[in-house]
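[1] Fold the stuff below for me.
(chains A and B)
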There are 2 protein chains.
Amino acid sequence: MGQLKGLPVGWESVMEYEVKIRVGSLQPLRARLASLGIRPVSNLTERDSYFNSPTRDFGRTDEALRVRSTEEGASLTYKGPKLGLAGVKAREEIIVSIDPEETMEEILLRLGFIHTATVEKTRDTYRMKGTYIALDEVKGLGSFVEIEAPAGLGENEAIALINRVRGELGVEGEEIPLSYLEMILATR
Amino acid sequence: MGQLKGLPVGWESVMEYEVKIRVGSLQPLRARLASLGIRPVSNLTERDSYFNSPTRDFGRTDEALRVRSTEEGASLTYKGPKLGLAGVKAREEIIVSIDPEETMEEILLRLGFIHTATVEKTRDTYRMKGTYIALDEVKGLGSFVEIEAPAGLGENEAIALINRVRGELGVEGEEIPLSYLEMILATR
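    Next comes the predicted model:
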């Protein structure tokens, strides 16, 4: 979730701590946020193209390389392996703004990278107690809530904050340790 | 020379036709351009970081991957193999704008690319009869003139135009088939 509106793009390298929860519908959560007076800071359609490396299988190394395009611009993101931490997912993200995304994809293909899958979703983003909350409708996968700690927090602080926000919002449902890419690949 | 001011960045893929000539001094050429009433369209300091691939040696395949930063912004460029054409160099270029360049370099390193060399130069760019003329002072290498045909010309047209402009400017000197990167690497 390192590319939410308002989050700085191009930070050298940040750890992201987040939890992803599958929900039947986003509607109760939208209502709860509205009742708290919290409005979305962005509503975006995100199209993510994932690429695999010619030198190592990112499925095995748990890395990811993604070209993201939204109405607000495009970016290239490298994600390091996920570290499991009591239901909260942590991983390193490195993000650079790009323009235009098709040209970046063409360069990656010339360099030997392999396009593996495209994930399309609508994402409504909210901010609450410093966290980023994303309400995602993912094409072919369903509805999910992601809660991400702000950059710069240590592990314990990040996990405590995420769980506190989750509790206040009353988000029930299954915690998903997988990325959307992994879920898309698993449906094949 | 695909990133001169005024040249569109992010074109899907263009062939570049250009000639590079080593000169003792750029001063006579500056004077000649001034006498024709042609002023520089940009004066930039360009810092180019080149990377090699973990899967194939770009020195052998004659490809190049470059992160360029200037006062006006940064870009990532993939260059295909050079095709020799009667002293004029032709090669495919794919260019994407990036921001910031350090983050792009970090991602390339994570993906296994190897930083090989950095080329620094000042480049004054002129336009004449549709061509791009670059007067380059390259750190450690000396002074060079590059004349590049505008995108979209066929091979014969491009070569004829370059030679005509070269003649009108009276540029004498040795034609260099090598890139600045190759020249830097050859000095090691």
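
[2] Name the strands paired with the lengthiest strand in chain A and say parallel or antiparallel.
    Looking across chain A with DSSP state E, the single longest strand is strand A:114-128. As defined by DSSP bridges, the strand partners of strand A:114-128 come to strand A:42-52 (antiparallel), strand A:131-138 (antiparallel).

[3] Please spell out which residues along the very next helix or strand once past the first one are buried.
    For strand A:42-52, the succeeding helix or strand toward the C-terminus, using DSSP states H and E, is helix A:58-61. Burial within helix A:58-61, assessed by neighbour count using 16 or more other C-beta atoms under 10 Å in any protein chain shown, is assigned to residue A:58. Where you see a C-beta, it was placed from the backbone N, CA and C, and this is true even at glycine.

[4] to the chain's geometric centre, what's the distance from helix A:58-61?
    Helix A:58-61 sits 18 Å away from the centroid of its parent chain (C-alpha atoms, centre = their mean, to the nearest Å).

[5] is it up against chain B anywhere?
    No. Helix A:58-61 does not reach chain B (C-beta under 8 Å from any C-beta of the partner chain); its nearest approach is 9.9 Å.

[6] Please save the CA atoms from that helix in PDB.
    Extracted C-alpha coordinates of helix A:58-61, given in PDB (Å, rounded to 0.1, in the frame of the first residue of the first chain):
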ATOM      1  CA  PHE A  58      10.000 -14.000  -7.500                       C
ATOM      2  CA  GLY A  59       7.300 -16.600  -6.500                       C
ATOM      3  CA  ARG A  60      10.000 -18.500  -4.600                       C
ATOM      4  CA  THR A  61      12.000 -15.500  -3.300                       C
END
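
[7] is chain B contacted by the one helix or strand residue A:91 maps to?
    Using DSSP H and E, residue A:91 maps to strand A:88-99. Yes. Strand A:88-99 reaches chain B (C-beta under 8 Å from any C-beta) through A:94, A:95, A:96, A:97, A:98, A:99.

[8] Chain A against chain B: which residues are in contact?
    Counting by C-beta under 8 Å from any C-beta, the residues of chain A near chain B are A:9-13, A:53-56, A:63, A:65, A:76, A:78, A:80, A:94-100, A:102-104, A:106-107, A:110-112.

[9] Show me how far the helix or strand containing residue A:28 is from its chain's centre.
    In the assignment (DSSP H and E), residue A:28 maps to helix A:27-35. In terms of C-alpha atoms, centre = their mean, the gap separating the centre of helix A:27-35 from the centre of its chain is 21 Å.

[10] neighbouring contacts of it?
    The contact list for helix A:27-35 (C-beta atoms under 8 Å, 6 or more residues apart in numbering or on different chains) reads A:23, A:39, A:124, A:126, A:128, A:133, A:135, A:145, A:169, A:170, A:171.

[11] Share the number of residues neighbouring the fourth one, please.
    So that's residue A:126. Residue A:126 has 22 neighbouring residues, counting by other C-beta atoms under 10 Å in any protein chain shown.

[12] excluding its backbone neighbours, what's nearest it?
    Spatial nearest neighbour of residue A:126, excluding adjacent residues (C-beta to C-beta, 6 or more residues apart in numbering or on different chains): residue A:133 at 4.3 Å.

[13] neighbours around the one you found, how many?
    26.

[14] Now do it, the pLDDT please.
    Here the pLDDT value assigned to residue A:133 is 97.

[15] That one pairs with what?
    Residues in beta-bridge contact with residue A:133 (DSSP bridges): residue A:126, residue A:147.

[16] Enumerate every residue touching it.
    Each residue near residue A:133 by C-beta under 8 Å, 6+ apart is listed here: A:33, A:125, A:126, A:127, A:145, A:146, A:147, A:148, A:165, A:169.
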